[in-house]
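[1] Structure for this input, please:
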Amino acid sequence: MCLINPDLSAFALLESTWLYLGQEIGLFLHQEKVNRKYLLFMEGIRSSNLSEFLVDYTAKRYEALRITKVLSKVIPEEGEWEWIRQFYASIIKPEYREEFLRRTEREYMETFLCREQTSFSIDLEREVNGSNTWFRLEFSVVSLDENGHLDRFVVLVKDITQMKREEKEHQQMITALSGFYKVSFMIDVVNGTTQVIKHSDAIRQYYPDGIIPHEVFLDIFSGKMVEKEYVEPVRQFMELDTMEQRMKDKNVLSFEYQGKQIEWGRIVLAPAKWDQSGRLEKVVFAVQDITEQKSREEWMQFKMEHDELTGALNRTAFNRVTKLLEGSATPFALVLLDIDKFKSINDTYGHDVGDQVLTRLVSALDEEMRAVDKVFRLGGDEFAVVMNRMTSAQAGFVKTAIENVNDTIMQGMNGLPTFSVSAGVAFSTWGYDEALYRNADKALYRTKETTRRGCTVFEEMAAADE
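    The predicted structure follows:
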């Protein structure tokens, strides 16, 4: 009798463990005493098995090494191997029967257990009291005869019903994701591989249908699908080493990015499988086209932060921008201004003309201010301008800008009355705070109570008042 390569056999590995424990066991598995002790040892560490059979294929007989209480009433402790084959064939669903019998024929088992591998398994389904259950038969070779033919093997029967139910739920989730998302993949976190579930026509050319290393997948996705400024954030979001920890307390992870194939996309990561110890094994990666959603969001954001009459940014936007400027080390100027004698314009020409005057002012400010500056309508005829990267040394630039605005609006247009604005400006090198606003407001008041139609610089006014 010829033993198989110990490196290829789980039984040989267990045998070496037994020897390590100091048991007086012979070197050949064909010795019955050794087999019995060896398999009893195996029984102790395989408590999850429903049944275990040692099969002497030469004699075509089996011995039940472990068997459930229910099956012990049906299956004898030993007998003909063919009886076991027919018994399991009789209790499984008809659609599995032919395949089961084919794979347990001598020719098939000789091919797989003697030439190609040392073990294989068959998953079978049966119906019990109206509900489906699954079990797995695992076949592992113990020994070959002197001619290299199958001599003895072990059959382990395991209940895999829960695993199959989880796989079904997993498949249902994949199907649902495939219908909802533009692109989906299955990521094997343990092995570091990725496989396509669903392509879009736009990216079909880039991905093979088989399994590819996750890094290759990530290189393709980030290189072909993602705009440059989002490449690194996407790669960090897709990092396998941290994925399990990030998913511990969340059902899904998501990240939005600007893309090349789609304008805006959302990556969704959903855990697909955890092992029995709670370690993450597989994750579904899906991409949703959110371009329309982003457009709606941007439009809603625009409406929320812009004055409907003039198109200028509104007080909501002013509060957001100044909040961002709190503590900023970048110098800027805050200009506050309002229309001189605006109430008189409304009273004389009516509110429709008054509205046109407000719009005309915003147009003049937009024309005169730089692209980095922001114009706000705070309410009524009160306006503000945040002029970025401006210091008090550039106060002359600000005063000239306001002068140019006044020159523009003093020219009648489309029957509108001429009008002017008064302004006050304060500069900051420490960021925005209420003191800055008060300083600009004081400067504005000084303009209104003196010359009107002009601009007062707070820092110059403060120095003159000392």
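[2] Note down every partner strand of the helix or strand containing residue 154 and its orientation.
    Secondary structure assignment for residue 154, by DSSP states H and E: strand 150-159. Sheet pairing of strand 150-159 (DSSP bridges) gives strand 49-56 (antiparallel), strand 131-144 (antiparallel).
[3] Columns mean neighbour count and distance to residue 430 on top of the ones you listed, output as a markdown table?
    Where you see a C-beta, it was placed from the backbone N, CA and C, and this is true even at glycine. Output for the strands paired with strand 150-159, formatted as a markdown table (neighbours: other Cβ atoms under 10 Å; distance: least, Cβ to Cβ, whole Å):
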| stretch | mean neighbour count | distance to residue 430 |
| --- | --- | --- |
| strand 49-56 | 19 | 73 |
| strand 131-144 | 19 | 69 |
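[4] can I get those strands in CSV with mean pLDDT and distance to residue 242?
    As requested, the strands paired with strand 150-159 are exported to CSV (pLDDT from 0 to 100; distance: least, Cβ to Cβ, whole Å):
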stretch, mean pLDDT, distance to residue 242
strand 49-56, 87, 37
strand 131-144, 89, 34
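[5] so can I have JSON lines of the ones you listed showing distance to residue 413?
    Listed next are these as JSON lines, based on distance: least, Cβ to Cβ, whole Å:
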{"stretch": "strand 49-56", "distance to residue 413": "91"}
{"stretch": "strand 131-144", "distance to residue 413": "81"}
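[6] coming back round to it: mean confidence for the strand holding residue 154?
    For strand 150-159, the mean pLDDT works out to 90.
[7] then that strand to PDB, C-alphas only?
    Provided in PDB are the C-alpha atoms of strand 150-159 (Å, rounded to 0.1, in the frame of the first residue of the first chain):
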ATOM      1  CA  LEU A 150      -7.900   4.900  -4.500                       C
ATOM      2  CA  ASP A 151      -7.800   2.600  -1.400                       C
ATOM      3  CA  ARG A 152      -9.400   4.400   1.500                       C
ATOM      4  CA  PHE A 153     -11.000   7.800   2.000                       C
ATOM      5  CA  VAL A 154     -13.100   9.600   4.600                       C
ATOM      6  CA  VAL A 155     -16.500  11.300   4.000                       C
ATOM      7  CA  LEU A 156     -17.400  14.100   6.400                       C
ATOM      8  CA  VAL A 157     -21.100  15.300   6.400                       C
ATOM      9  CA  LYS A 158     -21.700  18.900   7.500                       C
ATOM     10  CA  ASP A 159     -24.800  21.000   7.900                       C
END
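[8] Out of the strands paired with strand 150-159, flag the one nearest residue 122.
    strand 131-144 (4.9 Å; Cβ to Cβ).
[9] Extract the C-alpha trace of that closest one and format it as PDB.
    Only the C-alpha atoms of strand 131-144 are listed here, as PDB (Å, rounded to 0.1, in the frame of the first residue of the first chain):
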ATOM      1  CA  SER A 131     -38.300  23.600   4.600                       C
ATOM      2  CA  ASN A 132     -35.100  23.300   2.700                       C
ATOM      3  CA  THR A 133     -31.900  22.300   4.400                       C
ATOM      4  CA  TRP A 134     -28.400  22.000   3.000                       C
ATOM      5  CA  PHE A 135     -25.500  19.600   3.800                       C
ATOM      6  CA  ARG A 136     -22.000  19.100   2.400                       C
ATOM      7  CA  LEU A 137     -20.200  15.900   1.800                       C
ATOM      8  CA  GLU A 138     -16.400  16.300   1.900                       C
ATOM      9  CA  PHE A 139     -14.300  13.500   0.500                       C
ATOM     10  CA  SER A 140     -10.700  13.300   1.500                       C
ATOM     11  CA  VAL A 141      -8.200  10.600   0.500                       C
ATOM     12  CA  VAL A 142      -6.500   8.500   3.300                       C
ATOM     13  CA  SER A 143      -4.400   6.200   1.200                       C
ATOM     14  CA  LEU A 144      -3.700   4.800  -2.300                       C
END
